[in-house]
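[1] I'd like to go over a predicted model; first the sequence, then the structure.
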Amino acid sequence: MAPAILTQRPKILFLDAYDSFSNNIVALVEQNVDVDVVKIFIDDPLLKGINASGDQAAFLECLKGFDAIIAGPGPGWAKCDEDVGLMKNLWELQDENLIPILGICLGFQSLCLAFGADIERLDEPKHGIISTVLHKGQSIFRDVEQLLATQYHSLQVKLNHPIQTKRAVRYPAQLWEPTETCPHLEPLAWDFHSERNGAVLMGVKHIQKPFWGVQFHPESICTNDEGKRIIQNWWEDALAWKRKRMFRNVPKQSPLSTSESLPKSFDDFWRELGFYNSKKHSTTFPRRDFTAKLDSGTLAPEELASLVAHGDGQSLPDLPPSTVHCSTTGSGRLTVADVCELLDIPRHEAIVLESGLQSNLVPMAVGTGRMSRSEDNEHSWDLYKGLTGHNPAPFGAYMRMHNVHILSSSPERYISWDRSQSAQCRPIKGTVQKKPGITAETANAILSSSKERAENLMIVDLTRHQLHGVYGSDNVRVSQLMEVEEYETLWQLVSVVDAVPSGIRKPMTPEEWEDPAEYASGSGKQSVPYLGFQAFVESLPPGSMTGAPKKRSCEILHKEEDGKRRGIYSGVLGYLDVGGGGDFSVVIRTAIKIDSPDNDKEDVWRIGAGGAVTSQSTPEGEYEEMLAKFQSTARAFKPQPPAKRISKSKRVEIIEPDNPQFAELLANMRGGEELSLDDAQIMLRAVERELRRRTAAGEEGTLAEAEAEGGFN
Ligand SMILES: C=C(O[C@@H]1C=C(C(=O)O)C=C[C@H]1O)C(=O)O
Ligand SMILES: NC(=O)CC[C@H](N)C(=O)O
């Protein structure tokens, strides 16, 4: 009998350019099309070696094992071979070796560069910014409704398109036509979100080869579900191309024959913009605003943006704050006097704050507190109690090991996991200091800004990427996205990302807990796949302290900080429990002291503080934020006002019970029972009766004086 032909699931090769969201793309593809994705890095030694040997046959043989390729996002420049690696070779594949390819962000830029485009800087970088993308509902954008897409890029593709060069276009046909410079690239989508950037190309397809590309990130948590539709469309088109390929009777198409004819009606126009959903409901926009514009046939990006943003031709909304160039005037250095004044501490207990605002980088501060040497180590425990008393923190920690004292009031969970290996991360990005004039509403408004939300979104997508890499494509979800949480001295924007291993139902109550057989370790049972610990290790260092793309940002930080070790600041602190779980905080809002024998004169405490620099940051804003974080810890080192003693006269006197109700109440209170409103009223009436009695008896003074005379117990 002929052996059954096992149809393998199709395989997609994902070329990872060391981006911090790659695993989210793998998850998006595996969740929406029936394929297996194999991820390799752009400098994979095996393929790179084959490629370098010039042995194209071997390289092509490798590619033949796949049904399609995704050229992924990443830091760097499509013109820099090191940044794109093996991607560059894809666009040179000869006809017989062609394979469907989708380029995303850097991959998209590499595709366009290969076919005549140029790559230039955006005037206004877009990192963690969500915008409505204008598309024409064709190709991989067919049946796609209004697309809200997250962007993470500083560069853009220039086709030498009139909408880019003249900021005007004969709308709509010309907007979607290839240009003379790039005759093989058909625009599929544009972004007009930023007036300064003008028209930014968001989607493209090659008019002959099976190559498509998008500039935005379809995998981001803040890209709407239309991102999934685009991946599904791409895969359908890739399969269709492969089927056609088998029969090789694909009619040649001239570039012009694929350009769309002018819309026959207003409805066609809106269908092109992707404003119709599959139910084809009618136009919902006032026709009068457009007819004139449409007849003239020429629209500028700002007008197109208005179509996208409002669809009603009204004036553009207030554009997001323009980019503030983070040109710093050298490093900022506070004097000791400044710090003392700032923190209202006497000079002899000065905290010397060394900080430097490196241009375009994370402002980094390290505060060094100097105090007379404490006689015993209880001092650090007392300081810790003071710190967490002033600054209660859900993930605070006190650690005392030999000569090291660590006092942490961290508000941020790096990662925790239980014995089912279900994990949780709670990244924080977005901080507003509590001070006069900053109400909860003000804080919410500030933390709702695109700058703060962009910061948080980047780290949420990074955290998803890290957890997807360990738990797989179907087991990660964002259970809280950018909610404002109130702390003692700050408001913070917090998100929560959960990961649950396949086959585990996360116990929500103690009663639901049962040792999952397949995870319980012990004799004769399957060893526990310590996914939680693996995620803990593979997510280091904490993404909320490195930024994204993580690998590249760590390289830059290492260089900018001259490789100086930060110590425990911005690391993690926590515990592993014997049950196979663990819980770790991000080490921020933390004071560290390392006693050294050669300094028995003073205690030297160090406090680290920093911010998160994005394209919308300002040096002043980040510096202020850094100081606020620093103060929330440094306050514990300020000499505290003497504890308010409750003067004797202020104590609550117990008046001898003059009726059974009061007697019972006193007995209950002494038994520790809560005081209800009724109880309080009984007590009040008893005090009033006592006062009336004293007045009637002509007794002088008040209850307080009576207490002083020992009249009551
Ligand atoms: C860098 C620090 O805090 C980090 C940056 C935050 C922000 O930019 O809002 C918030 C919490 C931390 O992830 C710090 O406290 O030193
Ligand atoms: N996310 C990306 O792939 C970014 C691509 C490129 N590094 C840019 O900044 O535009």
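    That came in fine, so what should we check first? Here the structure is a predicted model, which is why all the values come from computation and not from measurement. Ligands and ions are numbered 1, 2, ... in the order given.
[2] neighbouring strands - and their directions - for the helix or strand that contains Trp605?
    Secondary-structure element containing Trp605, defined by DSSP states H and E: strand 602-610. With DSSP bridges as the criterion, the sheet partners recorded for strand 602-610 are strand 364-372 (antiparallel), strand 590-594 (antiparallel).
[3] worst average pLDDT in these?
    Note on the strands paired with strand 602-610: lowest mean pLDDT is at strand 364-372, with a mean of 53.
[4] returning to what we had before: dump the strand holding Trp605 to PDB, restricted to CA.
    What follows is strand 602-610, C-alpha atoms only, in PDB (Å, rounded to 0.1, in the frame of the first residue of the first chain):
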ATOM      1  CA  GLU A 602      30.400  57.400  58.100                       C
ATOM      2  CA  ASP A 603      27.700  55.300  56.500                       C
ATOM      3  CA  VAL A 604      27.700  55.800  52.700                       C
ATOM      4  CA  TRP A 605      24.300  55.000  51.200                       C
ATOM      5  CA  ARG A 606      23.800  55.000  47.400                       C
ATOM      6  CA  ILE A 607      20.400  55.600  45.700                       C
ATOM      7  CA  GLY A 608      20.000  55.100  41.900                       C
ATOM      8  CA  ALA A 609      17.300  57.000  39.900                       C
ATOM      9  CA  GLY A 610      16.600  57.500  36.300                       C
END
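[5] quick check: buried residues in that strand?
    Using 16 or more other Cβ atoms under 10 Å as the test for burial, strand 602-610 gives 603-610. Every C-beta, even on glycine, is put in place using the N, C-alpha and C of the backbone.
[6] check stretch 418-435 too.
    For stretch 418-435, by 16+ other Cβ under 10 Å, it's 418-434.
[7] same question for stretch 51-59.
    51, 59.
[8] Glu622 sits in which helix or strand?
    Assigned by DSSP H and E, Glu622 falls within helix 619-634.
[9] just the CA atoms of that helix, as CSV, please.
    The C-alpha trace of helix 619-634 is given here as CSV (Å, rounded to 0.1, in the frame of the first residue of the first chain):
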residue,chain,number,x,y,z
PRO,A,619,15.6,66.8,29.2
GLU,A,620,13.9,69.0,31.8
GLY,A,621,10.9,66.6,32.2
GLU,A,622,13.1,63.5,32.5
TYR,A,623,15.4,65.3,35.0
GLU,A,624,12.5,66.3,37.1
GLU,A,625,11.1,62.8,37.0
MET,A,626,14.4,61.4,38.0
LEU,A,627,14.6,63.7,41.0
ALA,A,628,11.1,62.8,42.1
LYS,A,629,12.0,59.1,42.1
PHE,A,630,15.3,59.9,43.9
GLN,A,631,13.4,62.0,46.5
SER,A,632,10.9,59.2,47.2
THR,A,633,13.8,57.2,48.6
ALA,A,634,16.1,59.9,49.9
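[10] how far out from the middle of the chain is it?
    Per Cα atoms, centre = their mean, to the nearest Å, the displacement of helix 619-634 from the mean C-alpha position of its chain is 20 Å.
[11] same deal with stretch 57-71?
    On Cα atoms, centre = their mean, the centre of stretch 57-71 falls 33 Å from that of its chain.
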